[in-house]
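*Asks:* sequence unavailable; structure follows:
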Ligand SMILES: NC(=O)CC[C@H](N)C(=O)O
């Protein structure tokens, strides 16, 4: 096996975390997500940062234990489960793994990907809504509750603790998820939805509605940084090849239409959610989990992106940097 560079030391990591927290604590730019009433009410002052290393060390600053709805970041862990069950070829053929270049809930991306000339599946990518809904339709289980248990158990194994549904968020999103229902029906019309549309959208909506903290996100990411084995619980969740593919998909579309800018600035696979969470993973080394509810126009946490970039720079984590 190739020699792995040692993860940064305790002092350097805590310093990078504290520095990012102090530097961006006062930034109040951006807006809470407004289309989900529960998220509109979140306290924008809350700011939590956590780093968990691939060897299980935990570092925190601010409101790192504050829980918030995972939203789109859940797509990462459902993808991991579907990749494990279906294998990479089926995921490429049934969902797709190309960058969409479009907003997270784009219908246009479905039409563009469905171009008969390119032959790409219409859902496009498992980390935008269309692909995540297609992925949800592939989750095994006898009925909705069994399938939901599969999704939540997988996410909980990544986090190393039992995660739970936020009922308020779930109800709030179910009352206003017509756009996602339309996406599911459009995919079905192209024979690229693999289950009942109403059941699938319900499952997808539950998946968006479980709570996590910055520490949970960092632990979930550290499991990917560690090749699919949770470095705190020491339980294998997915195999190393699956873990590597999940990270590759995060690099293509983890921050939707601004994924390119993110990769350009931070140099790490990342994933954001409209709940204000953000996750960045340095393979073999560590993961960064951040919570701050105010979002930019693409739906990505403003302070989350700034803090992730600052920590990645301080610790020299950019995957494309040659190193010394
Ligand atoms: N980008 C997100 O976090 C979107 C998640 C949200 N539940 C939706 O489907 O619209």
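*Replies:* Perfect, thanks for sending it. In this text the structure is predicted, and so the values were computed from the model without any measurement.
*Asks:* residue contacts, the nearest residue to residue 8 once chain neighbours are set aside?
*Replies:* Leaving aside its chain neighbours, residue 8 sits nearest to residue 315 (4.8 Å; criterion: C-beta to C-beta, 6 or more residues apart in numbering). Quick note: C-beta positions are derived from backbone N, CA and C, even for glycine. Counting by C-beta atoms under 8 Å, 6 or more residues apart in numbering, residue 315 makes contact with 8, 12, 13, 16, 282, 285, 286.
*Asks:* what's the burial count for the second one?
*Replies:* So the one you mean is residue 12. The number of residues packed near residue 12 is 13, by other C-beta atoms under 10 Å.
*Asks:* could you do the first one as well?
*Replies:* Residue 8 sits with 21 neighbouring residues when counted by other C-beta under 10 Å.
*Asks:* what residues does the stretch 151-300 of the chain have near the ligand?
*Replies:* 173, 180, 208, 273, 274, 299 (C-beta under 6 Å from any ligand atom).
*Asks:* can you give me phi and psi for the fifth one?
*Replies:* This points to residue 274. phi -70, psi -10 (degrees, to the nearest 10).
*Asks:* what about residue 248, how many residues nearby?
*Replies:* Neighbours of residue 248 using other C-beta under 10 Å come to 12.
*Asks:* so it sits right up against residue 97, yeah?
*Replies:* Yes: with contact defined as C-beta atoms under 8 Å, residue 248 counts as touching residue 97 (7.5 Å).
*Asks:* domains of this structure?
*Replies:* Following automatic domain parsing, one finds the domains of the chain at 10-71+211-314, 72-208.
*Asks:* any idea which of those is most buried?
*Replies:* Across the domains of the chain, averaging neighbours per residue (mean count of other C-beta atoms under 10 Å) puts domain 10-71+211-314 on top, at a mean of 22.
*Asks:* first to last residue in that domain, what's the distance?
*Replies:* One end of domain 10-71+211-314 to the other measures 13 Å (C-alpha to C-alpha, to the nearest Å).
*Asks:* give me the distance from it to the chain's centre.
*Replies:* 8 Å (C-alpha atoms, centre = their mean, to the nearest Å).
*Asks:* now residue 55: closest residue in space, sequence neighbours ignored.
*Replies:* Per C-beta to C-beta, 6+ apart, closest to residue 55 is residue 231, 5.8 Å.
*Asks:* show me where pLDDT drops low in the stretch 51-200 of the chain?
*Replies:* 115-118 (pLDDT under 70).
*Asks:* could I get the full set of strands for it?
*Replies:* 58-62, 68-69 (DSSP state E, counting those that start in this stretch).
*Asks:* show me what the shortest one is packed against.
*Replies:* Meaning strand 68-69. Counting contacts by 3 or more C-beta pairs under 8 Å, 6 or more residues apart in numbering; DSSP states H and E, strand 68-69 packs against strand 211-212.
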